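Undergrad: below: sequence and its predicted model.
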Amino acid sequence: MACRISELVLGCRDPEALARFWCEVLDFVVLDREEGCIEIGPREGFGGPQPTIILSQRDEPESGKSRLHIDVNATDRDQDAELERLLALGARPADIGQTGEEQWHVLADPEGNEFCLLKARLNPL
């Protein structure tokens, strides 16, 4: 028997703003709200093939650099078109020392959490 990732928890200053951003990026919806927390995920809800994301309010940012980041792949357009869409939603380029030869783009969400846009296009679930 093995485990499966069901939820990712991301500490943030403004769960509402980050929920709007990630819902647009991933085509997710708000599944639940509790004081200081918003859970977003696929329209079919918790327990499906994709994990949900819990955005948990934190007054102070975590100290040090996060050791976990999210990778995303476009499902209905090429990487360049998806990069334009993500930048229009509020993502911004992030420099982590890449050479410029990578096949991915390193970005940051509106609160500075790094994530990567990979080149391969995936089939939507």
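TA: Thanks, I have the structure now.
Undergrad: any chance you could map the strands in this protein?
TA: When assigned using DSSP state E, the strands of the chain occupy the ranges 7-12, 29-34, 37-41, 52-57, 70-72, 92-93, 105-108, 114-117.
Undergrad: between those strands, which gets nearest to Ala19?
TA: strand 37-41 (4.5 Å; C-beta to C-beta). Heads up, the C-betas are built off the backbone N, CA and C, glycines and all.
Undergrad: which residues does the closest one contact?
TA: With C-beta atoms under 8 Å, 6 or more residues apart in numbering as the test, strand 37-41 has contacts from 7, 15-16, 19, 22-23, 26, 28-33, 46, 48, 50-57.
Undergrad: what angle do it and strand 7-12 make?
TA: Going by axes from the mean of the first three to the mean of the last three C-alpha atoms, to 10 degrees, strand 37-41 is angled at 130 degrees with respect to strand 7-12.
Undergrad: below-threshold pLDDT in this structure: ranges please.
TA: When the per-residue scores of the chain are filtered using pLDDT under 70, the ranges that remain are 1, 61-63, 125.
Undergrad: redo that, cut-off 90
TA: The chain contains residues with pLDDT under 90 at 1-5, 45-49, 58-69, 96, 100, 120-125.
Undergrad: follow-up on the earlier one: what about burial for the contacts of strand 37-41, which qualify?
TA: 15, 19, 22-23, 26, 28, 31, 52-55 (16 or more other C-beta atoms under 10 Å).
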